[in-house]
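In: structure for this input, please:
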Amino acid sequence: MPKRTGRRHGAGITDVAITHRHEDHVSGLVMPDGSEAFVKLERVWIGAGDASVFTGRLEPIRDRVVAVSEQVAINDWITAIPTPGHTPGHTVYEVASGAGRLLAWGDTVHVPTLQFGRPSVSWEWDDDQSQARAARAGLLDRLIRPDHFVAGAHLDSPGIARVTRAGEGFALEYLAPPIG
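Out: This next block holds a predicted model:
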């Protein structure tokens, strides 16, 4: 999302992929003055269960929402994958390249130091805790494959890592040392 400086960003961006409906994940679509942050925006991808967020200040974008209800290719290298649980429409995005696959997620994990080692631990903000646990388990199993990486909210700096098995849980191996 663009930094909220009052200046528009992303002049060439036509598509934005949103992981879920919570304010901290959709607020970058609109600038503080109410104008759209992405001047050439054509499509906003979001899980079907979360598409109702486009009301009020987000209403002007509503006609460009693509509600994702099943796994779908956004383009040749990005695929939307529904992972409901945190919210009904929580979605992760898999980016594929010759170097591997990167899963970009929103709130699949809230406390990495706890939930990778114990992925069954839920969070009070998960709308459906059992569904969130199942989604997290499936994604973590997927991420232990060779050449798979994860990036996303709530991961420690630098935020991009490999996932490995560690006992009955998982561990993160960050691709770079911590920043700061």
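In: could you point out which element follows the worst-scoring helix or strand of the chain on mean pLDDT?
Out: Lowest on mean pLDDT, DSSP states H and E among the helices and strands of the chain sits helix 23-26, with a mean of 90. Counting by DSSP states H and E, the element after helix 23-26 in chain order, helix or strand, is strand 43-47.
In: confirm that Arg142 sits in a strand.
Out: No: Arg142 is assigned helix when assessed by DSSP: H, G, I helix; E, B strand; the rest coil, not a strand.
In: what's the neighbour count on it?
Out: 16 (other CB atoms under 10 Å). In short, each C-beta sits where N, CA and C put it, glycine included.
In: where does it land on pLDDT?
Out: With respect to pLDDT, Arg142 scores 97.
In: grab the nearest non-local neighbour of it.
Out: In this structure, Arg142 finds its nearest non-sequential neighbour in His148, 6.6 Å apart by CB to CB, 6 or more residues apart in numbering.
In: surely that neighbour meets Thr164?
Out: No: here His148 does not reach Thr164: they are 10.6 Å apart, not a contact under CB atoms under 8 Å.
In: who has more neighbours out of these two?
Out: His148 (16 against 13).
In: residues in contact with that one?
Out: Taking CB atoms under 8 Å, 6 or more residues apart in numbering, we find His148 in contact with Gly100, Arg101, Leu102, Leu103, Arg142, Arg162, Val163.
In: reformat the residues you listed as JSON lines; add secondary structure and distance to Asp128.
Out: Below are the contacts of His148 laid out as JSON lines (DSSP: H, G, I helix; E, B strand; the rest coil; distance: CB to CB, whole Å):
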{"residue": "Gly100", "secondary structure": "strand", "distance to Asp128": "30"}
{"residue": "Arg101", "secondary structure": "strand", "distance to Asp128": "26"}
{"residue": "Leu102", "secondary structure": "strand", "distance to Asp128": "26"}
{"residue": "Leu103", "secondary structure": "strand", "distance to Asp128": "20"}
{"residue": "Arg142", "secondary structure": "helix", "distance to Asp128": "20"}
{"residue": "Arg162", "secondary structure": "strand", "distance to Asp128": "28"}
{"residue": "Val163", "secondary structure": "strand", "distance to Asp128": "23"}
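In: ok, so of those residues, who is nearest Gly56?
Out: Leu103 (30.5 Å; CB to CB).
In: roughly how far does the closest one sit from Ala48?
Out: Leu103 is 20 Å from Ala48, where distance means CB to CB, to the nearest Å.
In: ok, Val109 next?
Out: When Val109 is compared with Ala48 (using CB to CB), they lie 23 Å apart.
In: look at the two and report which has more neighbours.
Out: Val109 (26 against 17).
In: skipping adjacent residues, who's closest to that one in space?
Out: Gln115 (4.7 Å).
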